[in-house]
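Asks: Quick one, fold the following:
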Amino acid sequence: MFKRRKRTNGQAIVEMALVFPFFLLIVVGGLIDFGFAFYNFLSLQQIANETSQWAAESFGSSIPQSNSEIVSHANSLRPNWWTGAFTVNTPFKGELTQDPGSQFISVTLSYESPTFTPFWQILFQAATGAQSIKLGAQAAYKIPKMITTR
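Replies: Have a look, this model is predicted:
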């Protein structure tokens, strides 16, 4: 007596054809979302660097800048296409311990980079309560004792 085997030659390719689009959506969507988040982080860090340098050089001049002017300068550098929440924390002015008599100014920024893929939106909503990736950047710049014209 011969035992007949069931034919399953095409089963694996059909299963892969059904599952592959979802897998591709997760991987490609993750690359896109995290790529945008990384780009937004680099932009945020550059804004923090530029703002802290501008504030430190302004403090070194004869007309010191107020915190509201520093915050408005950081807001002016924000890209127009950013749709998430952009926050400029109150700038901090402090003393350097390594160099007595020297001061620095520190600027801290945060931005909520939106996610575009529905899978990652749901995942972030479940994990953090928001559909965005929270980013933060901080930069400190030493206030020069004397400013020369460039």
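Asks: how near is residue 21 to residue 34?
Replies: Using CB to CB, to the nearest Å, we find residue 21 at a distance of 20 Å from residue 34. Using the backbone N, CA and C atoms, a C-beta is placed for each residue, glycine as well.
Asks: tell me what the host helix or strand of residue 68 is packed against?
Replies: Element membership for residue 68 (DSSP states H and E) is helix 67-77. Applying 3 or more CB pairs under 8 Å, 6 or more residues apart in numbering; DSSP states H and E, one finds that helix 67-77 makes contact with helix 11-60, strand 86-88, strand 103-114.
Asks: roughly how far out does the last one sit from the chain middle?
Replies: Okay, so that is strand 103-114. Centre-to-centre, strand 103-114 and its host chain are 10 Å apart (CA atoms, centre = their mean, to the nearest Å).
Asks: Nearest to residue 139, out of the helices and strands packed on helix 67-77?
Replies: The closest of those to residue 139 is helix 11-60. By CB to CB, the value is 3.9 Å.
Asks: Give me the most central residue, this structure.
Replies: In the chain, the centroid-proximal residue (CA atoms, centre = their mean) is residue 41; its distance is 2.9 Å.
Asks: List the residues that contact that one.
Replies: Contacts for residue 41 (CB atoms under 8 Å, 6 or more residues apart in numbering) come out as 113, 135, 137.
Asks: What's the separation between it and residue 134?
Replies: From residue 41 to residue 134 the distance is 10 Å (CB to CB).
Asks: what residues do these two have in common as contacts?
Replies: In terms of CB under 8 Å, 6+ apart, residue 41 and residue 134 are both contacted by the residues residue 113.
Asks: Distance from the least confident helix or strand in the chain by mean pLDDT to the middle of the chain?
Replies: When the helices and strands of the chain are scored by mean pLDDT, DSSP states H and E, strand 92-95 comes last with a mean of 88. On the basis of CA atoms, centre = their mean, strand 92-95 sits 24 Å off its chain's mean C-alpha point.
Asks: What mean pLDDT does stretch 137-150 get?
Replies: Stretch 137-150 comes out with an average pLDDT of 78.
Asks: cool, and stretch 76-89?
Replies: Model confidence over stretch 76-89, given as mean pLDDT, is 93.
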